[in-house]
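J.: Generate a structure from the sequence data that follows.
(chains A and B)
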Amino acid sequence: MATSANFKRPGGGVAASIPLMGRAEEPTIFDLSVAKRRASSLRSSGVDQVDPRTVLPATMLRDEPPALPEVSERDLVGHFTRLSARQYSVDLGAYPLGSCTMKYNPKFADAVAAMPGISQVHPHTPVSFAQGWLEIMVTLESWICEITGMAAATLQPAAGAAGELTGLLIMAHYHQRHGGRRSKVIIPDSAHGTNPASVTLAGYEAVTVPSNDRGLVDLEQLDKVLGEDVAGMMLTNPNTLGLFEEEIAEITARVHAVGGLMYYDGANLNAILGVSRPGDMGFDIVHSNLHKTFATPHGGGGPGAGPVAVSERLREFLPGPRATLIDDEDGVRYVWKTPEFSIGRVHGFYGNAVVLARALAYMMYHGGPGLADVARYAVLNANWLRAQIAQHYEIAFPQLCMHEFVASAAQLKKRYGVRALDIAKGMIEEGFHSPTVYFPLVVDEALMMEPTETESPQTLRALADALMRLAEAATSSDGQEWLHNAPSTTPVGRVDEALAARKPRLTFDQASNRPV
Amino acid sequence: MALHAERAKSIEVPLRQELSFPYHSERRQCSVPTFIPHTEAETSQMLADLGLKEIDEIFATIPRERRLGRGLNLPDGVSEYDVLTYFEEVSARNLHHGRPLISFAGGGSYDHDIPQVVRTLGSRGEFVTAYTPYQPEVAQGVLQALFEFQTLISRLSGLEISNASLYDGATALVEAVNLACAHTRSHHVIVSKGINPTYLQTVRTFAEGTGLSVEELPLNDDLSSDLSIETASQAAAVVVGYPNYFGAVEDLARARELANRTGALLICVYDPISLALLTSPGSFGVDVAVAEGQSLGTPVSFGGPYLGLFSVRPEYLRLVPGRLVGETVDAEGRRSFVTTLRTREQDIRRERASSNVCTNQTLMAVHACIYLSWLGPDGFRELATSCLSSSHYLADALSTIPGVELVTPVFVREFTIRLTGIDNEAVRSALADRGFLAGVSGEFPSGDLKASNTLILSATERRTKSEIDRFVGEFSKIVEAR
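T.: Have a look, this model is predicted:
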C-alpha cells in the first residue's frame, strides 16, 4: 500500500481506480471502506418496521452492527473483478494438477444450477412438491451404481473426505453387526492424506503397507499385516502413482478372506470410467469425487460432492434419509427412506444437491459410450505427455500409466540444485498451472501430472515444451537463478510461508505482517 | 505381466522429433458429444507416437479379466439442449404452477434476496473453476477473498479466528465438538435439545468413530434450554443454539456458567442474520462459534451446497480444522496471502490429524464475502430488522387464529407455534397445495415432547405484506375447516 497511487482520502479509505492489473497490490475491501458509504438497497416489504428494542431485552442487543465494509457497488465490483484477475482457473488454461482431475467444466451445467426448480427449492419442502429433486437423486444414484458396479449409494457426503469417513463408518457398523471387533484399516504408503486421517476419525488404527519396486501394493507385505483384527483396506485404483493395481483381484480376495471389507477411494475414477469397475474388482465401498471425475467446478477449493456407493450387503447401513422410488396403494412416487441399520446422517440436509444435479447433467451429456471415451483420452493424454518429457525427467515407474503419472526432479536437484518446487514455479512463469508437487510421498521431488482428456494435443505439446525448457534452464547458472526466483510475472512472487506461520495474521484486525 | 512390461519398455523414451500433429485437421467426428478435442488424425498420431495401434491398447496394464468387457448399461449421450430439456421438465415438478412455494420456512435454510452483484461476481470463471489455492502466486484472488471472509466472520461472531469454511452447519458442529474433545481430552458432550435436530443426528453419527457420549440438555416450556441442570459430569463441550432451532434466544451468560461448572468449552450454533442485532457470541465468552452460512448469499438449493462457518478464540488456533489463509509478504515485500499453519492439516499430519477436511465450500465463502460487503453495517442491520419485523407481524397474525399458540415469546426472526385440534403436517400439506411452504415441523423422532405438534416459521425480507396476509388467511381457513 506504500505506492504513491494509493493516496488516502479525507473520509478514510483508498481510491479504487488505481492501476492494478500489473504487480501493484490490491487493497482489501476494508481498505476501500469509507464510513457511511453503502451499496445495498433492500426490498420494501410493506410491513411496518419494528424497533428491535421493543421486542428483545436490551441485554441481548448489540450497540453497533458488525463492522462490515462500507463501499459503493461500483467499488465492490471493481475489487472482486481485480481479484479475479489475480486468479488462475481451468477457464483460463491447462491445470495439470495430479490427483485433482482439473478438466473443463461445461457451461450448460451452470444453466441447470440456475433453474428455479433446482436452486429455489427449500430442503424442507413437502416431498410431494420435491418429486423432481428426488428423481434427480435416484437417477444419479443409478448412474453412479452402474459406473462403479455397486448396488446402492448415498449422496449426502459433501466432499471426498466426508465420503471416506462415511464409508469407514459403514464398515464399522457392518462389523459391529457381524460380531467382529476389529481395530485396523490398511492403507498403502502412496495413499492420499485424507485416508489415514479418516481412518483415525472412524476409530480405527491406520496400518501402512509399502509399495513394491513397481509402485504397486506388495502382496507379501500385505500378508504380514492381514489378520482377524483388520476391518478393511482403503485403496485407489489406479493408485496415486497413476498405476493400475494389476493384482487387485488377489488383494481383494485376501482381505475378504480375513473378513475385511475393501474401500475404493474414487479420486482416480476418471482413469477407468466405462472400462473397469470397482465393484467387479471386489470392492465393497466406493466414493466418487463428482468435482473431479464428473466435472463440477471446484470453486477455488469447494464445493465438492463425495457420494458413497456400496455392495448389496452394505445397503442397509447407508446414511438416511435416501430418496427412494416406491410403488404402493398410493401410487408410484419418490419418498424419503432411512435404511434399517443406517449409520445416521452425515450432512445437515441431503448433501451438496446442486453439485449432484450438475454431475448428472454431465453424465447424461456424455452417456455410457462418452464416459468410456473420457477414460480413453484421459489415459492417452497422460501417456503421451509422459513420453514427451521422459527424456528430461525421470519417470518414477516406467510401465504404461493411467490418467496421471509421477515424474521426479531428483536428478535436477542432485545435479543442479533445482527442486520440484522450482519446476512448479517455473511452470507458472511459462503460463500454466503447476503440477502437484511432493506427492505421493513415496517419490522424491515428485511432479505429479494429470492433463485430463479435455486438453488438446496442442496444449499437451505446449506443456511438454515448457517442461523441457525448464529442465534445460536448470543446466545453466543463469537458468538456475531464474528458476529459483520464478515466478516473476505474477501479481506476487514467491511468498514467505514461514512468516505467515510464525506470525499468523488471519484477519485484517490482527497485527499486520507488512514490514514497517 | 511380462508382455505389459515389455510394451511399456518399448515406449519408455520415444524421440520427441517423432511426435507431430496436423494442426488444421477436422475435429473428431463422434457418435456422442464429449468435451474431448482430439481429431481422428490426432488420435492416430498420438497412438503411433506411443507405439500403439488401437486406443484400447492404452489400457494394457489392466488385466483382461478386470475389464468390463461391455459398454456401460447407460443411455447414449445427448446434446446440451436435450440435457437442459430434461432438467427443465424434472425441475418443474419441484414447483407450484411454475414457481417455488412461497417460503415461510427456516430450519437452517432461508429464502433471502440475493443481489445481482453476488451472482455476477460470484459466477466469474476465475472463482468458479479454480482449484484449492496451493500455488499462492496464481491464487491471490481466492486467497485474498478468503482472508476478507475470515475477517468478516470474526467480526460477526466476535471470535478472533475464523477458518476458510467447512461443508455446512451440521458438519461444522461436528468439527467444533472434535476440537473440544481434543482440547479437554474428555469424550462427553452436553448438547441442547434446542439445536437443529439434524445437527444433533450428525454429531451422533460421527460420535461412533470418535467414541463420544452425548448428553442432552432438556428444554424449558418456551423451548429455550434448561441451563439450570445439575450435572456431575465433566464434559468437553456444552452446545447451545443462538437463537436456537425453535427461535428462542438462549442465555449465553448462563450457558457459559454451565460450561465452567463442567470444565467444558462453550460451543454456540448461531444464526448469522440474527447477529446483526444480537450481542456477539464472543462477548459472552463462547469458545467456538459455528453456523450455517447459507443465509449469506447462497440460494436455498434443496439443502446444498451451503457454507459451514467456524470461529474460535485464539487459544484453540492449532486445533482449528480446515484451511486458514494468512497474510504474508512476497520476496519483494508486497502484501500476499497464503494458506498457513498447514501442519494442522490431513495431508501433512495424516493419521494424527484431528480433522480430515480437505475440500471445503470456498465458492460459497466468496459469495458470503461479496454479500456482506454489499450489505455494509447499515444494510445488514436493516435486513435483520426487516426479517424481525415481518416475522413478528406474521407471529402476531397467526396467534389470533383459534388453536394457534406462540410458544417462543422472545425471538428475532424465527418462532414456533403450537397447534391444537389439527395436525402440523396436515397444515403444511394443505398450505403446500395452495403454494405456501408453511415452515418446518418442530417435532423430530428424537425430539422433545415440548415441541410436539409445532411449526417453526420465519419470514425473510423477501416476503411482502400481501404474501404474509394471504398466507395467514389460508392458514386460518384450513384451521377453521377442522
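
J.: CA only for contacts and neighbour counts going forward, please
T.: Noted.

J.: Compute the number of surrounding residues for residue 346.
T.: Defaulting to chain A. Residues contacting residue A:346 under the criterion other CA atoms under 10 Å in any protein chain shown number 30.

J.: My question was about chain B, not that one.
T.: Neighbourhood size, residue B:346 [other CA under 10 Å]: 26.

J.: shaky segments in chain A?
T.: Residues of chain A that meet the criterion pLDDT under 70 lie in A:1-23, A:516.

J.: Where is the longest helix in it?
T.: helix A:353-389 (DSSP state H).

J.: do the same with chain B
T.: If you go by DSSP H, chain B has its longest helix at helix B:362-399.

J.: So what's the gap between that helix and the chain middle?
T.: Helix B:362-399 sits 18 Å away from the centroid of its parent chain (CA atoms, centre = their mean, to the nearest Å).

J.: repeat for stretch B:40-48
T.: Counting by CA atoms, centre = their mean, stretch B:40-48 comes out at 45 Å from the chain centroid.

J.: ok, residue A:279 - contacts?
T.: A:148-150, A:311 (CA atoms under 8 Å, 6 or more residues apart in numbering or on different chains).

J.: do that again at 10 Å, thanks
T.: Applying CA atoms under 10 Å, 6 or more residues apart in numbering or on different chains to residue A:279 gives the contacts A:145-151, A:262, A:264, A:285-286, A:309-311.

J.: Tell me how many other residues crowd the nearest residue to residue A:453 once chain neighbours are set aside.
T.: Closest residue in space to residue A:453, ignoring its immediate chain neighbours: residue A:378 at 4.0 Å, by CA to CA, 6 or more residues apart in numbering or on different chains. For residue A:378, the count of nearby residues is 26 (other CA under 10 Å).

J.: how much space between residue A:378 and residue B:55?
T.: According to CA to CA, to the nearest Å, residue A:378 stands 11 Å off from residue B:55.

J.: mind giving me the domain split of the chain?
T.: With no chain named, the answer covers chain A. Chain A resolves into domains spanning A:108-366, A:375-501 when parsed by automatic domain parsing.

J.: Actually, chain B is the one I wanted.
T.: Per automatic domain parsing, the domain ranges recorded for chain B read B:2-66, B:102-112+B:376-481, B:116-370.

J.: Name the stretch among those that sits most buried.
T.: Most buried of the domains of chain B, by mean neighbour count (mean count of other CA atoms under 10 Å in any protein chain shown): domain B:116-370, with a mean of 24.

J.: Report the mean confidence score over that domain.
T.: Domain B:116-370 carries an average pLDDT of 95.

J.: Now do the end-to-end distance for it.
T.: Taking CA to CA as the measure, domain B:116-370 stretches 11 Å from start to finish.

J.: And the strands in the stretch 151-300 of chain A?
T.: Ranges of strands in the stretch 151-300 of chain A, per DSSP state E, counting those that start in this stretch, are A:152-154, A:184-188, A:205-209, A:230-235, A:261-266, A:285-288.

J.: Can you tell me, leaving aside adjacent residues, what's nearest to residue A:100?
T.: Leaving aside its chain neighbours, residue A:100 sits nearest to residue A:292 (6.2 Å; criterion: CA to CA, 6+ apart).

J.: Return the residues in contact with that neighbour.
T.: A:99-103, A:105, A:160, A:266-270, A:298, A:304-306, A:359.

J.: next one: residue A:274
T.: Contacts of residue A:274 (CA under 10 Å, 6+ apart): A:146-148, A:368-376, B:67-74.

J.: my read: residue A:394 touches residue A:388, true?
T.: No - the criterion here is CA atoms under 10 Å, and residue A:394 misses it with residue A:388 at 11.7 Å.

J.: Between those two, tell me which one has more neighbours.
T.: Using other CA under 10 Å as the criterion, residue A:394 and residue A:388 rank with residue A:388 on top: 28 against 18.

J.: can you tell me how far that one sits from residue A:398?
T.: Applying CA to CA, the value for residue A:388 to residue A:398 is 13 Å.

J.: does the longest helix of chain B come close to chain A?
T.: Yes - using CA under 10 Å from any CA of the partner chain, helix B:362-399 reaches chain A at B:362-366, B:369-394.

J.: in which helix or strand would I find whatever residue of the stretch 151-300 of chain B ends up closest to chain A?
T.: The nearest approach of the stretch 151-300 of chain B to chain A comes at residue B:209, 3.9 Å away (CA to the nearest CA). Take DSSP states H and E as the rule and residue B:209 turns out to sit in helix B:197-210.

J.: same for that helix, what does it pack against?
T.: helix A:160-177, helix A:194-201, helix B:169-184, strand B:188-192, strand B:213-217 (3 or more CA pairs under 10 Å, 6 or more residues apart in numbering or on different chains; DSSP states H and E).

J.: how about a markdown table for those, with distance to residue B:457 added?
T.: Below are those laid out as a markdown table (distance: least, CA to CA, whole Å):
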| stretch | distance to residue B:457 |
| --- | --- |
| helix A:160-177 | 31 |
| helix A:194-201 | 36 |
| helix B:169-184 | 19 |
| strand B:188-192 | 20 |
| strand B:213-217 | 23 |
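
J.: and of these, who's closest to residue B:136?
T.: Closest approach to residue B:136 among the helices and strands packed on helix B:197-210 (CA to CA): helix A:194-201, 21.8 Å.

J.: buried ones in that closest one?
T.: Residues A:194-201 are the ones in helix A:194-201 that count as buried (16 or more other CA atoms under 10 Å in any protein chain shown).

J.: Among the residues you listed, which ones lie close to chain B?
T.: Residues of these in contact with chain B (CA under 10 Å from any CA): A:194-201.

J.: would you list every one of the strands in the stretch 251-400 of chain B?
T.: Per DSSP E, counting those that start in this stretch, the stretch 251-400 of chain B carries strands over the ranges B:265-270, B:288-292, B:308-312, B:325-329, B:335-339.

J.: Distance to residue B:358 added to these, as a markdown table?
T.: Converted to a markdown table, the strands of the stretch 251-400 of chain B look like this (distance: least, CA to CA, whole Å):
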| stretch | distance to residue B:358 |
| --- | --- |
| strand B:265-270 | 22 |
| strand B:288-292 | 18 |
| strand B:308-312 | 13 |
| strand B:325-329 | 14 |
| strand B:335-339 | 12 |
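
J.: Same list (those strands) but as CSV, adding distance to chain A.
T.: Converted to CSV, these look like this (distance: least, CA to the nearest CA, whole Å):
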stretch, distance to chain A
strand B:265-270, 13
strand B:288-292, 9
strand B:308-312, 10
strand B:325-329, 4
strand B:335-339, 6
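
J.: of the ones you listed, which approaches residue B:454 most closely?
T.: Using CA to CA, the strands of the stretch 251-400 of chain B put strand B:265-270 closest to residue B:454, at 21.5 Å.

J.: Show me how far that closest one is from its chain's centre.
T.: Computed by CA atoms, centre = their mean, the chain-centroid distance of strand B:265-270 equals 17 Å.

J.: again with stretch A:315-325
T.: The answer for stretch A:315-325 is 25 Å, by CA atoms, centre = their mean.

J.: Show me which positions of it end up buried.
T.: Across stretch A:315-325, burial judged by 16+ other CA under 10 Å covers A:315-323.

J.: Just give me the closest of these to chain B.
T.: Proximity of those to chain B (CA to the nearest CA) peaks at residue A:319, which lies at 9.0 Å.

J.: Tell me if I am right that that closest one is in a helix.
T.: No - going by DSSP: H, G, I helix; E, B strand; the rest coil, the assignment for residue A:319 is coil, not a helix.

J.: got a list of what it touches?
T.: Residue A:319 makes contact with A:153-157, A:166-167, A:169-170, A:308, A:337-347, A:350, B:205, according to CA under 10 Å, 6+ apart.

J.: What's the ChimeraX syntax to select whichever of those are buried?
T.: To isolate the buried members of the contacts of residue A:319 in ChimeraX, using 16+ other CA under 10 Å:
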select /A:153,154,155,156,157,166,167,169,170,308,338,339,341,342,343,344,345,346,347,350 /B:205
